[in-house]
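>>> here are the coordinates; sequence isn't available:
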């Protein structure tokens, strides 16, 4: 390798290092080094003169230096940079012209016409026939995106690459056709395979979305399930509220009776406090009635807990309520559940029964609670009035 080529390599490296925008993820020194390596591969297997070898190596080094100034017309800029450097190093004008012509031949829109142009074009596009094609391609996509030149989705870029390898690009030299074409075809096959996978995945997702939308719109199952879920949840919540209200009454009345026994009953033995006996008895009576009704409202009612096979076969047993199976053996219960789940109407029928009987229980609880709160309220009022009358009568006496 000549001293001129070595000096050019150092010059290009320093130039990229100092002046190239870091947003050039593809068109940088790494790409230049790969093109330089590829052109040496072709040179080693091609009959060329020393002058032609030097021209090709210099062209490979300088062919993308124009990117330090502009993406547009970078070939012309690269040729100008190469011409200035080579002139400064007293290179013969014929070599400079040949280097500039090779650099301009890297324009993809032009068809190479001579041997040197074909070699530089194949070296510049050698990544199409290399195993690092996918990496280089992705760097180019991101470079275009970062610099706001063009934005491609992964699918769009895949289509562009397939079109490029299958339709637009071709190798021109014998070496490239023998050694890089096979890898290029493998890269194309990999792209097509990825495209087919994406197409199958997209089709599968579309079918899934279609069936999901059809199921959601045309089938009442979802609405039915939501109805039962919401209705049963509301019934259970109302039952908890009723139990809480009953417990409040129990606690309040228990406290009232405890306070009366500890503080008031001990004073009734005295003849001077005899006027308090009737009001106290009225208060205690209503408190006890309120406690009894609260207990009745929350008292559980457990059924027989058994069923027969005939009950299941005739759909006469509600398996969603524990009171209908708590005495059954596990094997019998599992068999009954299997029978239940095989019949959708039986499932919905059981849920309907469960909902109905929960409603009946709630009706009983709230009816008793209403009576209990009414008695407690009346008892409290009557007791206060009784105490007031008793105090007044005592004052007159």
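Sure, I can see it. None of these values were measured; they are calculated from a predicted model.
>>> Verify the contact between residue 312 and residue 339 for me.
Yes - with contact defined as Cβ atoms under 8 Å, residue 312 reaches residue 339; the gap is 5.3 Å. Just so you know, the C-beta spots here come from the backbone N, C-alpha and C atoms, and that holds for glycine as well.
>>> Give me the more crowded residue out of those two.
residue 312 (19 against 15; other Cβ atoms under 10 Å).
>>> Might you report the residue contacts of the nearest residue to the more buried one once chain neighbours are set aside?
Leaving out its chain neighbours, the residue that sits closest to residue 312 by Cβ to Cβ, 6 or more residues apart in numbering is residue 336, at 4.9 Å. Neighbour list for residue 336: 307, 312, 317, 319, 325, 328 [criterion: Cβ atoms under 8 Å, 6 or more residues apart in numbering].
>>> Would you enumerate the residues in contact with the first one?
This points to residue 307. Taking Cβ under 8 Å, 6+ apart, one finds 316, 317, 324, 325, 328, 336 in contact with residue 307.
>>> would you list those residues in TSV and tack on distance to residue 190 and pLDDT?
Below are these laid out as TSV (distance: Cβ to Cβ, whole Å; pLDDT from 0 to 100):
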residue	distance to residue 190	pLDDT
316	65	72
317	62	74
324	63	65
325	61	72
328	62	78
336	57	80
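>>> Need the buried ones from these selected in PyMOL.
Buried residues within the contacts of residue 307, by 16 or more other Cβ atoms under 10 Å, are selected in PyMOL with:
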select buried, resi 317+324+325+328+336
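>>> and the contacts of residue 307, which two are the farthest apart?
316 and 328 (14.7 Å; Cβ to Cβ).
>>> ok, residue 164 to residue 146 distance?
Noted for residue 164: a distance of 20 Å to residue 146, by Cβ to Cβ, to the nearest Å.
>>> Of those two, give the one with the bigger neighbour count.
Counted by other Cβ under 10 Å, residue 164 and residue 146 do not tie: residue 164 has more neighbours, with 16 against 13.
>>> and residue 362, how far is that from residue 236?
10 Å.
>>> Those two: which is more packed in?
Neighbours were counted for residue 362 and for residue 236 using other Cβ under 10 Å; residue 362 has more, 17 against 12.
>>> Grab the nearest non-local neighbour of the more buried one.
residue 238 (5.6 Å).
>>> Please name the residues that touch residue 136.
Going by Cβ under 8 Å, 6+ apart, residue 136 touches 26, 31, 34, 127, 130.
>>> Surely the third one is in contact with residue 126?
Yes - taking Cβ under 8 Å as the contact criterion, residue 34 and residue 126 are neighbours in contact, 7.0 Å apart.
>>> Below-threshold pLDDT in the stretch 251-397 of the chain: ranges please.
The model of the stretch 251-397 of the chain has pLDDT under 70 over residues 264-273, 302-305, 321-324, 395-397.
>>> residue ranges for the helices of it, please.
277-298, 309-313, 330-341, 344-396 (DSSP state H, counting those that start in this stretch).
>>> now do the stretch 51-200 of the chain
So, for the stretch 51-200 of the chain - with DSSP H, counting those that start in this stretch - the helices run 74-88, 93-104, 115-124, 133-146, 154-163, 174-179, 181-218.
>>> Could you check the last one and say which residues are buried?
Judged by neighbour count using 16+ other Cβ under 10 Å, the buried positions of helix 181-218 are 183, 184, 187, 188, 191, 194.
>>> The residues you listed into JSON lines, with extra columns for distance to residue 80 and pLDDT?
As requested, the buried residues of helix 181-218 are exported to JSON lines (distance: Cβ to Cβ, whole Å; pLDDT from 0 to 100):
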{"residue": "183", "distance to residue 80": "34", "pLDDT": "94"}
{"residue": "184", "distance to residue 80": "32", "pLDDT": "94"}
{"residue": "187", "distance to residue 80": "34", "pLDDT": "94"}
{"residue": "188", "distance to residue 80": "36", "pLDDT": "94"}
{"residue": "191", "distance to residue 80": "36", "pLDDT": "93"}
{"residue": "194", "distance to residue 80": "40", "pLDDT": "91"}
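>>> how does the chain divide up, domain by domain?
Taking automatic domain parsing as the criterion, the chain consists of the domains 3-207, 221-396.
>>> and among these, the most buried is which?
domain 3-207 (a mean of 17; mean count of other Cβ atoms under 10 Å).
>>> re earlier: state the helix or strand in which the residue nearest to residue 362 lies.
Using DSSP states H and E, residue 238 sits in helix 221-263.
>>> tell me what that helix is packed against?
helix 181-218, helix 277-298, helix 344-396 (3 or more Cβ pairs under 8 Å, 6 or more residues apart in numbering; DSSP states H and E).
>>> Next, the angle helix 221-263 makes with the shortest one.
Calculated by axes from the mean of the first three to the mean of the last three Cα atoms, to 10 degrees, helix 277-298 forms an angle of 160 degrees with helix 221-263.
>>> What of the first one?
On the basis of the same axes, to 10 degrees, helix 181-218 is oriented at 60 degrees to helix 221-263.
>>> now the longest one
If you take the same axes, to 10 degrees, helix 344-396 sits at 20 degrees to helix 221-263.
>>> Now do helix 344-396: distance to the chain's middle.
Mean C-alpha position of helix 344-396 versus that of the full chain (Cα atoms, centre = their mean, to the nearest Å) differs by 50 Å.
>>> helices or strands next to that helix in the packing?
Helix 344-396 sits against helix 221-263, helix 277-298, helix 330-341, with contacts defined as 3+ Cβ pairs under 8 Å, 6+ apart.
>>> Which one, of the ones you listed, ends up nearest to residue 104?
Each of the helices and strands packed on helix 344-396 has some distance to residue 104 by Cβ to Cβ; the shortest is helix 221-263, at 66.8 Å.
>>> For that closest one, what is the distance to the chain centroid?
With Cα atoms, centre = their mean, you get 40 Å for helix 221-263.
>>> ok, now stretch 60-77?
Relative to its parent chain, stretch 60-77 has a centroid offset of 44 Å by Cα atoms, centre = their mean.
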